[in-house]
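K.L.:
below: sequence and its predicted model.
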Amino acid sequence: MDHWDGLLHSHKGTLTVVGMAKNVGKTVTLNSLIDFFSRRGWTVGVTSVGRDGERYDALTQLRKPAITLQPGTFLATADLVLGNQKPVQLLRYTGMRTPMGEVALFQVKETADVVVAGPSKNHELRKVVELFLADLKVRCVLIDGAFDRQSAVDPAVSGKVILASGATLSRNMEEVIALTKCRVEQLTLAPCPAPLKKMIENSGARILLFDGENIREVSLPTALLRKTAWREIFREQPSDLFIKGAVGNELAEALLENRGPCRVIVPDGSKVFIDAFLWKRLAAQEIFFQALHPICLLAVTINPTYPGGKGYDPDELLEKMGSALHPLPVLDVMQGKKYQREFR
């Protein structure tokens, strides 16, 4: 049985593959998904956030796996990155501009390795998804999410997400697992209570403070504040806090020093950029995060090798990562293996 069968046998809609860093096997995962869908005769549309599919890594100059598209696949990418590739037929332009040209829709006529450079703005990415699903009637849209741009996992863009992790995160396997577990927890935040969600959606403020029935809007041009600014806000001792935007270590440190608020609500888990050490300390002090719009994380894929070929024992990494993340599915795409928990 194909290792994707149980997860994607009836999949329709949008699926994003995002990596925790470079060289964690995101492109290999993407190719595996393209192959899985193509073998079932499903129509697929592919795009990306940022650029991917180059022959060599821009930083390490090591050779990278190509993005391989099958005949009939639709593609949304900047026109200049394709050049005059004959296997690809231009269908239409979208009017979306990027540094690498205008994003256009293409269809692949024969198996081809391509560079994909889609739109970087969320509203444009949503438009591309709409063009794929509504106009071209594709069954599945695959988004290649750049490791430094988490916007593609926003639930407003993507229905489901696959996270790619691997040895390149650390030379210590336990640290690789800890970092991955932290990111999984952040991406899979529980939904906030319905009454709070309704109040938040009725407000246009970037920051909301809740204290029982009382709500206060904080009028600021940004939610990316320094620790001292957060300390000042927390002087009111709110029980709950909503932040519309990205949150990072400055907020985490202020929460720890202030010992609260106990609940922080963000639009979705892709907005959380708090390191694993601080994330663990927040949980220990019972300061928890919730999301207005939860993310559906479908699985984690692992790459046991570093750039250059060395790395961890693949079976050991699969076993330990699978055990740490259970019941979330964990797959080694290169080996075609999926973690199976043994019951004793």
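P.N.:
Done, it's in.
K.L.:
show the low-confidence segments of this structure, by residue range.
P.N.:
Counting by pLDDT under 70, the chain has low-confidence residues at 1, 52-62, 84-86, 147-151, 342-344.
K.L.:
repeat that for 80
P.N.:
Along the chain, the model assigns pLDDT under 80 to residues 1-2, 10, 50-64, 83-86, 146-152, 212-213, 219-224, 260, 307-309, 342-344.
K.L.:
what about the helices in it?
P.N.:
With DSSP state H as the criterion, the chain has helices at 5-8, 26-39, 122-130, 173-187, 194-201, 227-234, 249-258, 276-284, 314-325.
K.L.:
which among these is found nearest to Ala152?
P.N.:
helix 122-130 (6.6 Å; Cβ to Cβ). The C-beta positions use only the backbone N, C-alpha and C, and glycine is treated the same way.
K.L.:
in the closest one, which residues are buried?
P.N.:
Taking 16 or more other Cβ atoms under 10 Å as the basis for neighbour counts, the residues of helix 122-130 that come out buried are 124-129.
K.L.:
what's near enough to touch the residue nearest to Gly118 when sequence neighbours are not counted?
P.N.:
Among residues not flanking Gly118 along the chain, Thr47 sits closest, at 3.8 Å (Cβ to Cβ, 6 or more residues apart in numbering). Going by Cβ atoms under 8 Å, 6 or more residues apart in numbering, Thr47 touches 75-77, 116, 118-119, 125, 128-129, 132, 141-144.
K.L.:
hang on, the earlier thing: pull the most distant pair out of the buried residues of helix 122-130.
P.N.:
Going by Cβ to Cβ, the pair spanning those furthest: Glu124 and Val129, at 9.9 Å.
K.L.:
now the buried residues of helix 122-130 in JSON lines, with distance to Ser270?
P.N.:
Putting these into JSON lines (distance: Cβ to Cβ, whole Å) gives the following:
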{"residue": "Glu124", "distance to Ser270": "17"}
{"residue": "Leu125", "distance to Ser270": "13"}
{"residue": "Arg126", "distance to Ser270": "14"}
{"residue": "Lys127", "distance to Ser270": "19"}
{"residue": "Val128", "distance to Ser270": "18"}
{"residue": "Val129", "distance to Ser270": "16"}
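K.L.:
Gln290: which of those is nearest?
P.N.:
Distances from these to Gln290 were compared by Cβ to Cβ; the smallest belongs to Arg126, at 23.8 Å.
K.L.:
which strand runs longest in the chain?
P.N.:
Longest strand in the chain, counting residues (DSSP state E): strand 88-98.
K.L.:
pretty sure Ala152 contacts Val49?
P.N.:
Yes. Between Ala152 and Val49 there is a contact at 4.5 Å, judged by Cβ atoms under 8 Å.
K.L.:
what is in contact with these two at once?
P.N.:
Here Ala152 and Val49 have 125, 143, 145-146 as joint contacts, going by Cβ under 8 Å, 6+ apart.
K.L.:
okay, the residues you listed in TSV with distance to Trp42 next?
P.N.:
Conversion of these to TSV gives the following (distance: Cβ to Cβ, whole Å):
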residue	distance to Trp42
Leu125	21
Ile143	16
Gly145	21
Ala146	25
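K.L.:
about what we covered before: gap between the residue nearest to Gly118 and Ile274?
P.N.:
In this view, Thr47 and Ile274 are 29 Å apart by Cβ to Cβ, to the nearest Å.
K.L.:
kindly report the same for Thr188.
P.N.:
Distance check for Thr188 against Ile274: by Cβ to Cβ, it reads 15 Å.
K.L.:
more neighbours: which of these two?
P.N.:
Set side by side, Thr188 and Ile274 show more neighbours around Ile274, with 21 against 16, by other Cβ atoms under 10 Å.
K.L.:
quick check: closest non-adjacent residue to that one.
P.N.:
For Ile274, ignoring the flanking residues on the chain, the nearest one in space by Cβ to Cβ, 6+ apart is Ala252 at 4.7 Å.
K.L.:
tell me the domain ranges of this protein?
P.N.:
5-187+295-338, 190-291 (automatic domain parsing).
K.L.:
how many residues are close by Val116?
P.N.:
Using other Cβ under 10 Å, the number of residues around Val116 comes to 26.
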